[in-house]
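S.K.: Fold the following for me, if possible:
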Amino acid sequence: MERGRYSIIFARSASKELESLEPKVIARVLPRVKALSENPRPSGCKKLAGGVDAWRIRIGDYRVIYRVDDTVSLVTVMVVRHRSKAYE
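M.R.: Numbering: from 1, shown residues only. A predicted model of the protein is given here:
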């Protein structure tokens, strides 16, 4: 797979959720999200059930839920939340 192949964008709500986290958590989440540009389906990711084409990565107690559009090489981050609230 080509390096840096996928662009990453954040939904407005996901951006606000990320900004509201503690700096230590942000420092753990951002590198993992940036790595999705090289491999949007890394080891340990899970495709979520349901009508949407959503994927999830786990980062400690936090979950990042995102969509992958292979036709335009785009990853859209939809949710960045604590695991207890990630699937609401």
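S.K.: Any regions of this structure where pLDDT drops low?
M.R.: 1-4, 51 (pLDDT under 70).
S.K.: hey, where'd the strands end up in it?
M.R.: Using DSSP state E, the strands of the chain run over 7-10, 46-47, 54-59, 62-69, 74-82.
S.K.: Would you format those strands as a markdown table with distance to Pro23 included?
M.R.: Backbone N, C-alpha and C define where each C-beta goes, glycine included. Shown next, in a markdown table, are the strands of the chain (distance: least, Cβ to Cβ, whole Å):
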| stretch | distance to Pro23 |
| --- | --- |
| strand 7-10 | 17 |
| strand 46-47 | 27 |
| strand 54-59 | 15 |
| strand 62-69 | 14 |
| strand 74-82 | 14 |
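S.K.: Same list (those strands) but as JSON lines, adding distance to Arg32 and mean neighbour count.
M.R.: As requested, these are exported to JSON lines (distance: least, Cβ to Cβ, whole Å; neighbours: other Cβ atoms under 10 Å):
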{"stretch": "strand 7-10", "distance to Arg32": "11", "mean neighbour count": "14"}
{"stretch": "strand 46-47", "distance to Arg32": "14", "mean neighbour count": "12"}
{"stretch": "strand 54-59", "distance to Arg32": "5", "mean neighbour count": "18"}
{"stretch": "strand 62-69", "distance to Arg32": "7", "mean neighbour count": "20"}
{"stretch": "strand 74-82", "distance to Arg32": "10", "mean neighbour count": "19"}
